[in-house]
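> quick check, what structure comes out for this input:
(chains A and B)
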Amino acid sequence: MGDEVRVRFAPSPTGLPHIGNIRTALFNWLFARHHGGKFIVRVEDTDQERLVPGASEAVLDALDWLDLQWDEGPRVEGPLGPYYQSQRLDVYREAAEKLMAGGFAYRCFCSEERLEQLRKEQLRSKNRQGYDRRCRSLSTAERKNLEAQGGPSVVRFAMPVDGVTALNDLIHGEVVWQNDLLDDFILLKSDGFPTYHLAVVTDDHLMKVTHVLRAEEWLPSTPRHLQIYQALQFEPPKFGHLPMILGPDRAKLSKRHGATAAEEYRDDGFLPEAMLNFMALLGWSLDDKTEVMDRGTLVQSFSLERINKSAAIFDLEKLVWMNGVYIRQLSVSELAERILPFLERELPPSLLPVDQEYLLRIVPLIRERIKLLADAAHLTSYFFEEELDYEAGALVQKGMEAREVPPALEAARDELGRAGELQHEPLEQALRAVAADAGLKPRQFFGLLRVAVTGRDVSPPLFETMEALGKERVLFRIDAAIGRFQATGRAVE
RNA sequence: GGCGCGUUCGUCUAGAGGCCCAGGACACCGCCCUCUCAAGGCGGAGAUCGCGGGUUCGAAUCCCGCACGCGCUACCA
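This next block holds a predicted model:
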């Protein structure tokens, strides 16, 4: 029990979760599941100014979408909650008191103006050292006096001014920092809220976190955390700093990179299982060739040793490809079920509701052609439309004379009229014969029929398409084509 | 500026001294299949392993220096 793995995902609700955040969640989840441990979610809402309403719900929804179940955290709770830091302020205040009592922290009364001024001066002299520790050396009398004035104050950590702090990172190995280069950072803000540094250490300890797997941007603040652990006499967890995920411009992922929020991927029609598989490959690999893996395989084979050190650029094109792979793996009924909401969202209301039976006939035809579920409406609209919209001239295929069109359509109509229910194989045989009789190449004749029946010159195989449409619609469309061609054809002449 | 991390095809990556004049995948190109488009199959192009020094019989792999990139440097996380 004591050596149970406990990891956490600690998002701060300052915006919608992006791929980088979610990838971090995924690695924590995989690590927990691989080791049969616990995956905790803790919302780090300590910045009241940047807090975005609804953001923490969005993070949780994203985890839900990907089916990354957490064992403790919001919505599920657990023995070591609450799991929102804004509800744990007393815990941090207590920790800060303890640090001050032990001489590891002190109250600082410096105004924001003074700090601003200090920063400016340091910047000018190209000698940035951070806070100058003025309040660290206040005499008891001075301190009493300032406290009595009741002005705003913060609590700062008193960094050791000599020695080094060393970390043995799970991913990067040994990293050492010179203590005198680290400044006396703030633990408790003047509004009574803790900074990340105090909150994260306190909570990770209280929630018995054994491994901290977080983005590499946190590496520079790890010595601070290590110092707090030491001062509080807490045993620090193991740390692993995950490679960053960069945008195409190689900069840290942010809103300005366009679609970065997890929910946008859902709305575009990416499958959560494809998303999961793809994200796992950003900074981790199983071996030199395995790429498509289900979640069970991922859990089973995940290991920290195979995590990369270098940042990865998010490659949307490869995600799209992988989504196609996962779509093709779905059964017809599963795919139909997933596509339906997208059709309902994007098809004109007049074409709704979608006939289930009919949809089941259509789906096999687009399964190999659809990469994003959101493309479904565009790929299938002509199956639902009553009247097709195309230029009559599109009926005339390459190498054909316009006058050959009507007889060809009529021959096709006559042939179809003789048939019973349409079935693609006999249909193909029959229409090939018709093409030959008409003196047209299959390519021409079928191309012409494709336009007549779908209104497009690209579609799934013609005969399967006709079969799915059904005899009635096909005959109606061929007649419509004849009519349309004659009406406009004469005008063109 | 300081500190830290990183650097293998355009991109994701394999590679932990000889198996590598570097393997796989996406994208790209060609061919096959073919009623169009896909999917699939086959093939191609694409990386002087950031650069320069070492160590070694031998280095993408070890060591040193440099360059470049990124991150941090807030009463943000």
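> what are the ranges of the strands in the stretch 151-300 of chain A?
A:154-157, A:164-169, A:173-178, A:186-188, A:211-215, A:238-242, A:245-246 (DSSP state E, counting those that start in this stretch).
> up against RNA strand B, what does the stretch 251-400 of chain A have?
A:251-252, A:281-283, A:285, A:287-289, A:291, A:305-306, A:308-313, A:315, A:317-318, A:321, A:324-325, A:328, A:368-369 (CB under 7 Å from any atom of the strand). Glycine gets a C-beta too; all of them are placed from N, C-alpha and C.
> drop anything exposed from those residues.
The neighbour-count criterion (16 or more other CB atoms under 10 Å) marks A:Leu281, A:Leu282, A:Gly283, A:Ala311, A:Ala312, A:Gly324 among these as buried.
> what's the most distant pair in those?
A:Ala311 and A:Gly324 (26.3 Å; CB to CB).
> any stretches of the stretch 201-350 of chain A with poor pLDDT?
A:255-256, A:258-260 (pLDDT under 70).
> can you count the residues close to A:Pro442?
A:Pro442 is flanked by 13 other residues according to other CB atoms under 10 Å.
> residues contacting it?
By CB atoms under 8 Å, 6 or more residues apart in numbering, the contact set of A:Pro442 is A:Arg432, A:Ala435.
> how close does it sit to RNA strand B?
Separation of A:Pro442 from RNA strand B (CB to the nearest atom of the strand, to the nearest Å): 4 Å.
> what of A:Leu118?
Here A:Leu118 is placed at a distance of 9 Å from RNA strand B (CB to the nearest atom of the strand).
> the residue nearest to that residue when sequence neighbours are not counted: what secondary structure?
Once flanking residues are discounted, A:Leu118 sits nearest to A:Asp132: 6.0 Å by CB to CB, 6 or more residues apart in numbering. Classification of A:Asp132 using DSSP: H, G, I helix; E, B strand; the rest coil returns coil.
> from A:Leu115, how far off is A:Asp132?
Distance, A:Asp132 to A:Leu115, using CB to CB, to the nearest Å: 9 Å.
> for A:Arg477, same thing?
For A:Arg477 relative to A:Leu115 (CB to CB), the value is 74 Å.
> looking at those two, which one has more neighbours?
Neighbours were tallied for A:Arg477 and for A:Leu115 using other CB under 10 Å; the higher tally belongs to A:Arg477 (26 against 16).
> list the buried residues in the helix or strand hosting that one.
Element membership for A:Arg477, per DSSP states H and E: helix A:471-492. Within helix A:471-492, the residues that qualify as buried are A:Lys471, A:Arg473, A:Val474, A:Leu475, A:Arg477, A:Ile478, A:Ala480, A:Ala481, A:Ile482, A:Arg484, A:Phe485, A:Gly489, counting by 16+ other CB under 10 Å.
> so where's the stretch 51-200 of chain A shaky on pLDDT?
Using pLDDT under 70, nothing in the stretch 51-200 of chain A is flagged.
> what ranges do the helices span in it?
A:55-65, A:89-101, A:112-124, A:140-149, A:196-206 (DSSP state H, counting those that start in this stretch).
> re the thing from before, do the helix holding A:Arg477 and RNA strand B meet at all?
No. Helix A:471-492 lies out of reach of RNA strand B by CB under 7 Å from any atom of the strand, never closer than 13.7 Å.
> RNA strand B contacts on the stretch 51-200 of chain A?
Within the stretch 51-200 of chain A, the positions near RNA strand B by CB under 7 Å from any atom of the strand are A:110-112, A:115, A:119, A:126-128, A:130-131, A:152, A:154, A:172-173, A:175-178, A:181, A:186, A:189-191, A:193-196.
> check contacts around the residue nearest the centre of chain A.
Nearest to the mean C-alpha position of chain A, by CA atoms, centre = their mean, lies A:Ala262 at 3.3 Å. By CB under 8 Å, 6+ apart, the residues touching A:Ala262 are A:Leu16, A:Pro17, A:His18, A:Ile19, A:Asn21, A:Ile22, A:Ala58, A:Ala62, A:Trp65, A:Leu66.
> could you tell me how far it is located from A:Leu271?
For A:Ala262 relative to A:Leu271 (CB to CB), the value is 13 Å.
> need the overlap of contacts for the two.
Between them, A:Ala262 and A:Leu271 share no contacting residue, judged by CB under 8 Å, 6+ apart.
> thinking again about what came up before, now the buried ones among the residues of the stretch 251-400 of chain A next to RNA strand B as TSV including distance to A:Pro82?
TSV is the format used below for these (distance: CB to CB, whole Å):
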residue	distance to A:Pro82
A:Leu281	35
A:Leu282	32
A:Gly283	31
A:Ala311	34
A:Ala312	34
A:Gly324	43
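> any idea how far A:Phe9 lies from RNA strand B?
Distance from A:Phe9 to RNA strand B, by CB to the nearest atom of the strand: 11 Å.
> residues near A:Ala141, how many?
8.
> which secondary structure elements does the helix holding A:Arg477 contact?
When contacts are defined as 3 or more CB pairs under 8 Å, 6 or more residues apart in numbering; DSSP states H and E, helix A:471-492 sits against helix A:405-418, helix A:442-454.
> so how far is stretch A:78-98 from its chain's centroid?
Relative to the centre of its chain, stretch A:78-98 is centred 30 Å away, using CA atoms, centre = their mean, to the nearest Å.
> report the buried residues of it.
A:78, A:81, A:83-86, A:88-89, A:91-93, A:95-96.
> now what about that stretch, what contacts it?
Contacts of stretch A:78-98 (CB under 8 Å, 6+ apart): A:40-46, A:48, A:56, A:71-74, A:77, A:105, A:155, A:187-188, A:192-194, A:198-199, A:201-203, A:206-208, A:232.
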